[in-house]
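Student: pasting the sequence and the predicted coordinates here, then a few questions.
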Protein chains: 2
Amino acid sequence: MRRVAVIGVGVTKFGKHERTSSELFAEAAADALADAEISADRVQALYYGNVVGSETEHQLHTGPQAASILGIPAIPTTRFEAACASSHAAFRHAVMEVGAGVSDVVLVGGAERVLNVPTPDSTEYFAYASDAVWEQTLGLTFPGVFALIARAHMQKYGTTEEQMAAVAVKNHKHGALNPKAQFQKEITLEQVLKSAYVADPLKLYDCCPFTDGGAAVVLASEEVARKSRRPVWVLASAAASDWMLLGDKRDLSRVPATERAAALAYKQAGLAPTDVDVVELHDCFTIAEIVATEGLGFFEPGAGARAAEKGMTSLGGRVPVNPSGGLKAKGHPIGATGAAQIAEIVTQLRGDAGSRQVSGARTGLTHTLGGNTATVLVSLFGRG
Amino acid sequence: MRRVAVIGVGVTKFGKHERTSSELFAEAAADALADAEISADRVQALYYGNVVGSETEHQLHTGPQAASILGIPAIPTTRFEAACASSHAAFRHAVMEVGAGVSDVVLVGGAERVLNVPTPDSTEYFAYASDAVWEQTLGLTFPGVFALIARAHMQKYGTTEEQMAAVAVKNHKHGALNPKAQFQKEITLEQVLKSAYVADPLKLYDCCPFTDGGAAVVLASEEVARKSRRPVWVLASAAASDWMLLGDKRDLSRVPATERAAALAYKQAGLAPTDVDVVELHDCFTIAEIVATEGLGFFEPGAGARAAEKGMTSLGGRVPVNPSGGLKAKGHPIGATGAAQIAEIVTQLRGDAGSRQVSGARTGLTHTLGGNTATVLVSLFGRG
């Protein structure tokens, strides 16, 4: 496989938009192409993530739609859906296309529009990523899934609601530094703890919001990347799955798919968790961040909650996690999330992140989780 | 890129089923693995096509669900959606994974369940593959799209309703020889011509049915394939797109995406249309088959209708098209269709097609179209 680099990134403002998801993607893609200093007609394929578009927009077949809006209708286009990990899945397959020598320039990204439907509806649509027969029929939605995970972690390791709240406070603090974030405001521990229960023990401020937005990255072969302004190299991109049903998992306090994908990615890159300087990971709920920092090998199983509380994952801490604000504060436009995480890591490794910059960051990691912890993607990136 | 082969195929009976799409896929996949004489634990990735599952089954994230049912939950799984071309898109990306040396054994396929919802609903869900803002709002559904294409072809080339009907008669004749087909009965030209108009000039018997079903193929690297019983080699797999909106297309009597994908595929394989012995192509409507036989280079633009009428595309004709019965008679379980076409061509090239066998077939082609002719996949296969 050839070396592959990200040579351009683009992200829309996250929040509420009055545009279709394909239009949101087009904005991000135009920014990514401009950043790469490459024209759209050099793009040889489009890898695209979108999740609930058929429900919220009555729109399937978003691959060619997005390519049409960009004025490049003839190239191969594919839509990927792996629940919340969709555009990270698209990215991994795109890395294969460029790595295999099939193409030299590929556009990857995703978009989602969900704030045009009422919250009960979007909650239901998200739940379609759970099993329809055995889980949705019980009324299980995602806050419930992660509440079960939180309870398992609390019971096994003594994790507290205060420790989970510390993750929300930290990510809002980071998000306040990100002009693209949906919530650019700090919150206090007390605000989190006093917010209403959504699914005990998870409260409103433990949950990420619904978000409209788009994100795009331009992937290039080594030859093209060498001529670009500031390439960031893809050191690894790995995927793993796990049992679809929560009831088939042995220990809800851990996410085997994260552990598997991380092991594959570290092996591909020849790196260890201690080599990672900056992380964007899937904090759909505060407990999800804690479990992910353990599964990715930054802390022992059970030690993630204390680490968050002690500030070890804050900007300036041992392993800064979600400097963008994460899904929690930056927002979670499902189909765009994986690509937006990659865009943040590229920005960090280029030293372009301004007030939220992790100083001296040379190696970054992105982690995206789909469904009931059934899909996980992990990628590693390196500077120069 | 390494050589890649199909070493096993499986298809469920097409028609109405009282099972989930993932269960339908599992049946096809088990058959494909048994045919390949390979155990499920050797599968390194799952490439999966499904289209309207979120509407008809309230089920997204079907990749890990299908892998879980097969008892192989840890492998990377990805769901592809490219409207009706979904599992052919999955196949092309899987060929890249094996060709690039990332994996040696990959399972590819798809499934769909649509007969559990009323026909007006499934017609609406299919229409989500058209543009929501500019086309669905006008009430455009797929019979309407292909009626416009038929009118353009009639006006430009003098194509008649009788010629289109000949395609239906031929595919039903083929389907009667296929025990897996949804409709195993012959029909007469008069029956087609007297059937009710669905979208003038297309009548009921010009349209393929709604179908439940699953299909799977096992892909392998050359090393693994050499040890298998009867590998069929993938000579090419290509994709192309076109403008999403019908209104952006210059000439509705042609499908540029078919012409582009075919040119790429013939080039990859070093073959010409005259080298092809047997074809499975996307006959969602009779006119679609006529236009596809032209776009694939078997007949000049405008000559496809006469060729069908003269029996040149029938079993025993110059280029047998859709010996399986095609979407028209075999059925069209959207997410499964591309993989089912590949399964038929593999069966033909192995000489296993029984009473519908194209004698001496050595080279086969599959063609799958998605949406308003905005996505097309073309693959070529060779024996021994």
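Tutor: Arrived safely, thanks for sending. Residues are numbered from 1 along each chain as shown, chains lettered A, B, ... in the order given.

Student: A:Val4 and A:Leu235 touch, don't they?
Tutor: No. Counting by C-beta atoms under 8 Å, A:Val4 stays clear of A:Leu235, with 9.6 Å between them. C-beta: built from backbone N, CA, C; applies to glycine.

Student: higher neighbour count, those two?
Tutor: Taking other C-beta atoms under 10 Å in any protein chain shown, A:Val4 and A:Leu235 do not tie; A:Val4 has more neighbours (26 against 21).

Student: helix, strand or coil: sort out the closest residue to chain B within the stretch 151-300 of chain A for me.
Tutor: Using C-beta to the nearest C-beta, A:Ala239 is the residue of the stretch 151-300 of chain A that sits closest to chain B, at 3.7 Å. Counting by DSSP: H, G, I helix; E, B strand; the rest coil, the backbone at A:Ala239 sits in strand.

Student: now the element after the helix or strand where A:Met154 lies, going C-ward?
Tutor: In the assignment (DSSP states H and E), A:Met154 maps to helix A:142-157. The helix or strand immediately downstream of helix A:142-157 is helix A:161-175, counting by DSSP H and E.

Student: A:Tyr128 reaches B:Thr56, doesn't it?
Tutor: No. A:Tyr128 is beyond contact range of B:Thr56, at 11.2 Å (criterion: C-beta under 8 Å).

Student: so for stretch A:176-189, mean pLDDT?
Tutor: Across stretch A:176-189, the average pLDDT comes to 98.

Student: contacts for it?
Tutor: Stretch A:176-189 is contacted from outside by A:11-15, A:162, A:165-166, A:168-169, A:172-173, A:175, A:205, A:209, A:211, A:213, A:315, A:323-325, A:329-331, A:354-356, using C-beta atoms under 8 Å, 6 or more residues apart in numbering or on different chains.

Student: so which of those residues belong to strands?
Tutor: Among these, the members falling in strands are A:Val11, A:Gly213 (criterion: DSSP state E).

Student: A:Ile342 touches A:His88, doesn't it?
Tutor: Yes. Using C-beta under 8 Å, A:Ile342 makes contact with A:His88 at a distance of 7.4 Å.

Student: who in the stretch 251-384 of chain A is up against chain B?
Tutor: Residues of the stretch 251-384 of chain A lying close to chain B by C-beta under 8 Å from any C-beta of the partner chain are A:Pro256, A:Ala257, A:Arg260, A:Gly370, A:Gly371, A:Ala374, A:Thr375.

Student: in strands only, show me the residues you listed.
Tutor: Residues of these located in strands (DSSP E): A:Gly370, A:Thr375.

Student: in the stretch 51-200 of chain A, which ranges drop under the pLDDT threshold?
Tutor: Along the stretch 51-200 of chain A, no part satisfies pLDDT under 70.

Student: quick one: the helices in it?
Tutor: Here the stretch 51-200 of chain A has its helices, by DSSP state H, counting those that start in this stretch, at A:53-56, A:62-69, A:86-99, A:119-127, A:142-157, A:161-175, A:189-194.

Student: the longest one packs against which elements?
Tutor: Read it as helix A:142-157. For helix A:142-157, the elements it packs on are helix A:119-127, strand A:197-199, strand A:202-203, helix A:286-295, judged by 3 or more C-beta pairs under 8 Å, 6 or more residues apart in numbering or on different chains; DSSP states H and E.

Student: so what touches the first one?
Tutor: In other words, helix A:119-127. Under the criterion C-beta under 8 Å, 6+ apart, residues A:52, A:55-56, A:114-115, A:117, A:135-136, A:140-142, A:210, A:334, B:54 lie in contact with helix A:119-127.

Student: just the closest of those to B:Tyr157, please.
Tutor: Using C-beta to C-beta, the shortest approach to B:Tyr157 within the contacts of helix A:119-127 belongs to B:Ser54, at 39.4 Å.

Student: hang on, isn't the closest one packed against A:Gly53?
Tutor: No. B:Ser54 is beyond contact range of A:Gly53, at 9.3 Å (criterion: C-beta under 8 Å).

Student: one step back: most neighbours among the contacts of helix A:119-127, which one?
Tutor: That'd be A:Ile334 among the contacts of helix A:119-127, by other C-beta under 10 Å, with 34 neighbours.

Student: quick check: buried residues in the strand or helix carrying A:Ser22?
Tutor: Per DSSP H and E: A:Ser22 is located in helix A:21-36. For helix A:21-36, burial by neighbour count (16 or more other C-beta atoms under 10 Å in any protein chain shown) applies to A:21-29, A:31-33, A:35-36.

Student: quickly list the domain ranges of chain A.
Tutor: Following automatic domain parsing, one finds the domains of chain A at A:4-117+A:211-233, A:135-208+A:235-383.

Student: my guess is A:Ala236 contacts A:Leu380. True?
Tutor: Yes. A:Ala236 lies in contact with A:Leu380 (C-beta under 8 Å); the separation is 4.3 Å.

Student: what sits in contact with each of these two?
Tutor: With C-beta under 8 Å, 6+ apart as the test, A:Ala236 and A:Leu380 both reach A:Ala265, A:Tyr266, A:Gln268, A:Ala269, A:Leu271.

Student: any chance of those residues in TSV, plus secondary structure and neighbour count?
Tutor: TSV is the format used below for the shared contacts of A:Ala236 and A:Leu380 (DSSP: H, G, I helix; E, B strand; the rest coil; neighbours: other C-beta atoms under 10 Å in any protein chain shown):
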residue	secondary structure	neighbour count
A:Ala265	helix	25
A:Tyr266	helix	22
A:Gln268	helix	17
A:Ala269	helix	22
A:Leu271	coil	17
